[in-house]
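[1] Below are the sequence and a predicted model for it; my questions follow.
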Amino acid sequence: MITTSEIKFKTHGSGDIVDITGRINDAVGGSGLESGTVTVFVPGSTGGITTIEYEPGLLKDVPELMEKLVPSDRSYKHDETWHDGNGFSHLRAALIGPDITVPFVGGKPTLGTWQQVVFLEFDNRPRTRTLVLQIAGE
Amino acid sequence: MITTSEIKFKTHGSGDIVDITGRINDAVGGSGLESGTVTVFVPGSTGGITTIEYEPGLLKDVPELMEKLVPSDRSYKHDETWHDGNGFSHLRAALIGPDITVPFVGGKPTLGTWQQVVFLEFDNRPRTRTLVLQIAGE
Amino acid sequence: MITTSEIKFKTHGSGDIVDITGRINDAVGGSGLESGTVTVFVPGSTGGITTIEYEPGLLKDVPELMEKLVPSDRSYKHDETWHDGNGFSHLRAALIGPDITVPFVGGKPTLGTWQQVVFLEFDNRPRTRTLVLQIAGE
């Protein structure tokens, strides 16, 4: 049994971190399925998905780490192609990756207590994001 | 057909790398399924999963790389929230990611000969870890 | 319903980025399945999979980022084990990861318009690569 839905939200641009755990829990719970996997995918190349403990300190630490690993104040060759100044966004997205797969059991994702699934906005402008959420199970 | 089980082990804290390939092979073999995917997930935000060639050199190189990319001797804002000094652990885990999905065929994961699935312990203290292993196939 | 196939190609060694989106689209379309997930896996520990906008600028930016994060002109302890000089290749592969899972709907992967699935060659010599592509759906 496979069901596919969307997670829609707006972001303020680079550095925004959106907790999508509630939406994942709701989708898995609402599917009526007992066990399986939920896959969340970013259809785009300037955002990423991972898990963190969603607390105020890390909401600053994660963007600072990304800034250190892939500085935004440098010119990248991507910018020579498109002149949109978001070369750093593309590189951060390639590094973090666009997908996550979380098993669920008893109708609930097997996340840790202090672990949330987050979307990392890397683009250099506000975006309306539509993620794909797919549940496969029995 | 979906089966879910656990992989349990103890770690010594940050820098520990645990080869879980044998447990994955056993679970897939024991499922009686011919082909499908095995997903391993870390329910927590201070450990990660990836693959490496599990040999003594890389067991030192990987922690050194993590130390270079996300130094442990800095103060992170996460530490101001919790005062547990493991901000670096959370950041490393977010970077590597908590999940892996490996296809299997003929009852065997399609890993390379010198490729092992490993758990990377990033936390700053010994932990007892329980990973989720889920197999979906036919 | 599960189908497994292979994606074969040659690379020129470190820095090569191969767009495998067309092969994924063809495999999903050819499966006759409506919805599900396609998983692509690298059976080896010196290559990685992610998504990028496949354009000439990023084809230079991504290797430059990898060179900055994991320099190739350093000696790693892996090289003391095998003397093949590709310690950096292994570290880059561990960082990016060997797998990706993309949902598909209506027989088409849910990739963004300017988003391609790419294989990143990290090894220090030309390779013939065989990736595993597995489709699970209904």
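    Cool, the structure landed.
[2] Now do the contacts for A:Gly30.
    For A:Gly30, the contact set (C-beta atoms under 8 Å, 6 or more residues apart in numbering or on different chains) is empty. (Each C-beta comes from the backbone N, C-alpha and C, glycine too.)
[3] One more: A:Ser89?
    By C-beta under 8 Å, 6+ apart, the residues touching A:Ser89 are A:Ser14, A:Thr46, A:Phe122, A:Asp123, A:Asn124.
[4] Counting only helices, which of those residues make the cut?
    Nothing among the contacts of A:Ser89 maps onto helices, per DSSP state H.
[5] Write a ChimeraX command that selects only the buried members of the residues you listed.
    Buried residues within these, by 16 or more other C-beta atoms under 10 Å in any protein chain shown, are selected in ChimeraX with:
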select /A:14,46,122,123,124
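[6] Tell me who's in contact with A:Gly97.
    A:Gly48, A:Ile49, A:Thr50, B:Gly97, C:Thr50, C:Thr51, C:Ile96, C:Gly97, C:Ile100.
[7] Swap in 10 Å and give it another go.
    A:Gly97 is in contact with A:41-42, A:48-50, B:97, C:48-51, C:96-97, C:99-100, counting by C-beta atoms under 10 Å, 6 or more residues apart in numbering or on different chains.
[8] Validate this expectation: A:Glu64 resides in a strand.
    No: with DSSP: H, G, I helix; E, B strand; the rest coil as the criterion, A:Glu64 is helix rather than part of a strand.
[9] Mind pulling the model confidence for it?
    pLDDT for A:Glu64: 98.
[10] Hmm, A:Gly15 and it touching each other?
    Yes: between A:Glu64 and A:Gly15 there is a contact under C-beta atoms under 10 Å: 9.1 Å.
[11] These two: which is more packed in?
    Of the pair A:Glu64 and A:Gly15, A:Gly15 is the one with more neighbours under other C-beta atoms under 10 Å in any protein chain shown, namely 18 against 14.
[12] Relative to chain C, how far out is the more buried one?
    A:Gly15 sits at a distance of 19 Å from chain C (criterion: C-beta to the nearest C-beta, to the nearest Å).
[13] Can I get stretch A:68-85 in PDB, CA atoms only?
    Written as PDB, here are the backbone C-alpha positions of stretch A:68-85 (Å, rounded to 0.1, in the frame of the first residue of the first chain):
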ATOM      1  CA  LYS A  68      31.600  27.800   7.600                       C
ATOM      2  CA  LEU A  69      31.600  24.800   5.300                       C
ATOM      3  CA  VAL A  70      30.200  26.600   2.200                       C
ATOM      4  CA  PRO A  71      30.600  30.300   2.600                       C
ATOM      5  CA  SER A  72      27.900  32.500   1.000                       C
ATOM      6  CA  ASP A  73      30.200  35.500   0.500                       C
ATOM      7  CA  ARG A  74      32.300  33.800  -2.200                       C
ATOM      8  CA  SER A  75      31.600  33.700  -5.900                       C
ATOM      9  CA  TYR A  76      30.900  30.300  -7.400                       C
ATOM     10  CA  LYS A  77      31.000  29.300 -11.000                       C
ATOM     11  CA  HIS A  78      27.300  28.500 -10.800                       C
ATOM     12  CA  ASP A  79      26.700  32.200 -10.400                       C
ATOM     13  CA  GLU A  80      28.400  32.900 -13.700                       C
ATOM     14  CA  THR A  81      25.900  30.600 -15.400                       C
ATOM     15  CA  TRP A  82      22.700  32.100 -13.800                       C
ATOM     16  CA  HIS A  83      23.700  35.300 -12.000                       C
ATOM     17  CA  ASP A  84      21.300  34.500  -9.200                       C
ATOM     18  CA  GLY A  85      23.900  34.500  -6.500                       C
END
